[in-house]
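**Q** Build me a structure from this.
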Amino acid sequence: MNNKYINIYNNLVNLTRNKELYKYLSKEDSFSDRLMMFLFHFAFFLKIFKNNSDKKTLQNIFDFIFRHLEVSIREIGYGDASINKKMKTYVNVFYDILAKIDNWSNMSKFEKNEILKNYLYLDIEPNDLVDYFDNYMLKLSNSTLNSFINV
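**A** Purely as a prediction, here's the structure:
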(Lines give C-alpha, C1' and ligand atoms only; values in the text may rest on other atoms or scores of the structure.)
Protein backbone atom coordinates (compact mmCIF):
# COMPACT_ATOMS: atom_id res chain seq x y z
CA MET A 1 0.00 0.00 0.00
CA ASN A 2 1.39 3.39 -1.03
CA ASN A 3 1.88 5.53 2.10
CA LYS A 4 2.03 8.85 0.28
CA TYR A 5 -1.07 10.04 2.12
CA ILE A 6 -0.24 8.64 5.56
CA ASN A 7 0.32 12.14 6.97
CA ILE A 8 -3.24 13.09 6.10
CA TYR A 9 -4.59 9.95 7.75
CA ASN A 10 -2.44 10.42 10.86
CA ASN A 11 -3.41 14.09 11.14
CA LEU A 12 -7.09 13.17 10.95
CA VAL A 13 -6.64 10.48 13.59
CA ASN A 14 -4.79 12.91 15.88
CA LEU A 15 -7.50 15.54 15.48
CA THR A 16 -10.11 12.91 16.28
CA ARG A 17 -8.31 11.99 19.51
CA ASN A 18 -8.85 15.48 20.98
CA LYS A 19 -10.70 14.76 24.25
CA GLU A 20 -12.33 18.20 24.17
CA LEU A 21 -14.45 17.06 21.23
CA TYR A 22 -16.16 14.40 23.33
CA LYS A 23 -17.07 16.34 26.47
CA TYR A 24 -20.57 17.09 25.15
CA LEU A 25 -21.51 13.51 24.35
CA SER A 26 -24.44 12.09 26.26
CA LYS A 27 -22.50 8.87 26.86
CA GLU A 28 -18.92 7.71 27.09
CA ASP A 29 -17.30 7.96 23.67
CA SER A 30 -17.13 4.82 21.59
CA PHE A 31 -15.57 3.67 18.33
CA SER A 32 -18.69 4.90 16.54
CA ASP A 33 -18.37 8.40 18.04
CA ARG A 34 -14.70 8.58 17.15
CA LEU A 35 -15.46 7.38 13.64
CA MET A 36 -18.09 10.12 13.24
CA MET A 37 -15.59 12.75 14.39
CA PHE A 38 -13.05 11.31 11.97
CA LEU A 39 -15.56 11.42 9.11
CA PHE A 40 -16.45 15.04 9.91
CA HIS A 41 -12.78 16.03 9.90
CA PHE A 42 -12.22 14.22 6.61
CA ALA A 43 -15.37 15.71 5.07
CA PHE A 44 -14.24 19.24 5.91
CA PHE A 45 -10.79 18.40 4.56
CA LEU A 46 -12.23 17.32 1.21
CA LYS A 47 -14.66 20.23 1.14
CA ILE A 48 -11.86 22.76 1.44
CA PHE A 49 -9.55 21.17 -1.11
CA LYS A 50 -12.07 19.97 -3.70
CA ASN A 51 -12.20 23.19 -5.72
CA ASN A 52 -8.51 23.89 -6.07
CA SER A 53 -6.99 20.42 -6.16
CA ASP A 54 -6.64 17.67 -8.70
CA LYS A 55 -9.68 15.36 -8.59
CA LYS A 56 -7.50 12.29 -9.12
CA THR A 57 -5.36 13.20 -6.10
CA LEU A 58 -8.45 13.69 -3.94
CA GLN A 59 -9.84 10.35 -5.12
CA ASN A 60 -6.55 8.68 -4.22
CA ILE A 61 -6.68 10.29 -0.77
CA PHE A 62 -10.28 9.12 -0.33
CA ASP A 63 -9.35 5.56 -1.34
CA PHE A 64 -6.31 5.57 0.95
CA ILE A 65 -8.28 6.86 3.96
CA PHE A 66 -11.08 4.33 3.57
CA ARG A 67 -8.60 1.49 3.04
CA HIS A 68 -6.99 2.43 6.35
CA LEU A 69 -10.38 2.63 8.04
CA GLU A 70 -11.11 -0.86 6.80
CA VAL A 71 -7.82 -2.12 8.24
CA SER A 72 -8.66 -0.46 11.57
CA ILE A 73 -12.06 -2.11 11.64
CA ARG A 74 -10.47 -5.49 10.93
CA GLU A 75 -8.04 -4.90 13.81
CA ILE A 76 -10.99 -4.30 16.14
CA GLY A 77 -12.08 -7.81 15.34
CA TYR A 78 -14.94 -7.61 12.87
CA GLY A 79 -15.10 -10.63 10.59
CA ASP A 80 -14.75 -10.61 6.83
CA ALA A 81 -18.48 -11.13 6.38
CA SER A 82 -19.42 -7.93 8.20
CA ILE A 83 -16.54 -5.72 6.98
CA ASN A 84 -18.02 -5.04 3.54
CA LYS A 85 -21.42 -4.21 5.00
CA LYS A 86 -19.91 -1.88 7.61
CA MET A 87 -17.66 -0.16 5.08
CA LYS A 88 -20.61 0.42 2.75
CA THR A 89 -22.52 1.97 5.64
CA TYR A 90 -19.58 4.19 6.62
CA VAL A 91 -19.06 5.37 3.05
CA ASN A 92 -22.77 6.21 2.76
CA VAL A 93 -22.68 8.13 6.05
CA PHE A 94 -19.58 9.96 4.86
CA TYR A 95 -21.28 11.01 1.60
CA ASP A 96 -24.29 12.15 3.61
CA ILE A 97 -22.04 14.29 5.83
CA LEU A 98 -20.31 15.72 2.75
CA ALA A 99 -23.66 16.70 1.25
CA LYS A 100 -24.88 18.30 4.46
CA ILE A 101 -21.75 20.39 5.06
CA ASP A 102 -21.42 21.53 1.46
CA ASN A 103 -22.90 24.93 2.31
CA TRP A 104 -21.47 25.06 5.87
CA SER A 105 -20.00 28.55 5.55
CA ASN A 106 -23.40 30.03 4.70
CA MET A 107 -25.36 28.19 7.39
CA SER A 108 -26.58 29.60 10.67
CA LYS A 109 -25.16 28.26 13.90
CA PHE A 110 -28.52 26.56 14.52
CA GLU A 111 -28.34 24.71 11.18
CA LYS A 112 -24.76 23.62 11.92
CA ASN A 113 -25.83 22.42 15.38
CA GLU A 114 -28.59 20.34 13.82
CA ILE A 115 -26.16 18.64 11.44
CA LEU A 116 -23.83 17.69 14.29
CA LYS A 117 -26.73 16.50 16.45
CA ASN A 118 -27.88 14.21 13.63
CA TYR A 119 -24.65 12.21 13.86
CA LEU A 120 -23.50 12.60 17.45
CA TYR A 121 -25.31 11.86 20.70
CA LEU A 122 -24.97 15.21 22.43
CA ASP A 123 -26.24 16.42 25.80
CA ILE A 124 -26.33 20.09 24.84
CA GLU A 125 -26.21 22.35 21.82
CA PRO A 126 -22.84 21.71 20.18
CA ASN A 127 -21.94 25.41 19.80
CA ASP A 128 -18.33 24.73 20.78
CA LEU A 129 -18.12 21.94 18.22
CA VAL A 130 -19.51 24.28 15.57
CA ASP A 131 -16.85 26.83 16.49
CA TYR A 132 -14.21 24.10 16.43
CA PHE A 133 -15.15 23.00 12.91
CA ASP A 134 -15.40 26.62 11.73
CA ASN A 135 -11.84 27.16 12.98
CA TYR A 136 -10.71 23.86 11.48
CA MET A 137 -12.05 24.95 8.08
CA LEU A 138 -10.26 28.27 8.39
CA LYS A 139 -7.00 26.51 9.22
CA LEU A 140 -7.42 24.20 6.22
CA SER A 141 -8.26 27.05 3.88
CA ASN A 142 -5.03 28.79 4.90
CA SER A 143 -3.02 25.67 3.99
CA THR A 144 -2.23 23.84 0.80
CA LEU A 145 -3.00 20.22 0.08
CA ASN A 146 0.69 19.55 -0.50
CA SER A 147 1.46 20.64 3.06
CA PHE A 148 -0.48 17.55 4.25
CA ILE A 149 0.97 15.05 1.77
CA ASN A 150 4.03 12.95 2.56
CA VAL A 151 6.09 13.42 -0.57
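**Q** Around residue 133, how many other residues sit close by?
**A** Close neighbours of residue 133, defined as other Cβ atoms under 10 Å, add up to 21. Bear in mind the C-beta positions are built from the backbone N, C-alpha and C, glycine included.
**Q** which residue packs closest to it, ignoring adjacent ones?
**A** Excluding its sequence neighbours, the residue lying closest to residue 133 (Cβ to Cβ, 6 or more residues apart in numbering) is residue 44, at 6.2 Å.
**Q** and if you look at residue 93?
**A** Counting by Cβ to Cβ, 6+ apart, the residue nearest residue 93 is residue 39, at 6.5 Å.
**Q** Verify the contact between the one you found and residue 90 for me.
**A** Yes - checked against Cβ atoms under 8 Å, the pair residue 39 and residue 90 is within contact range at 7.3 Å.
**Q** quick one: which of the two has more around it?
**A** residue 39 (23 against 19).
**Q** Which residues are in contact with the more buried one?
**A** For residue 39, the contacting residues are 90, 93-94, 97, taking Cβ atoms under 8 Å, 6 or more residues apart in numbering as the criterion.
**Q** Tabulate those residues in JSON lines, adding columns for secondary structure, distance to residue 103 and pLDDT.
**A** JSON lines is the format used below for these (DSSP: H, G, I helix; E, B strand; the rest coil; distance: Cβ to Cβ, whole Å; pLDDT from 0 to 100):
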{"residue": "90", "secondary structure": "helix", "distance to residue 103": "23", "pLDDT": "91"}
{"residue": "93", "secondary structure": "helix", "distance to residue 103": "19", "pLDDT": "96"}
{"residue": "94", "secondary structure": "helix", "distance to residue 103": "17", "pLDDT": "96"}
{"residue": "97", "secondary structure": "helix", "distance to residue 103": "13", "pLDDT": "97"}
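**Q** Could you tell me how far the nearest residue to residue 66 once chain neighbours are set aside is located from residue 134?
**A** Across the structure, with Cβ to Cβ, 6+ apart as the measure, the residue nearest residue 66 apart from its sequence neighbours is residue 91 (6.6 Å). Taking Cβ to Cβ, to the nearest Å as the criterion, residue 91 is separated from residue 134 by 26 Å.
**Q** do the same with residue 148
**A** For residue 148, the distance to residue 134 (Cβ to Cβ) stands at 19 Å.
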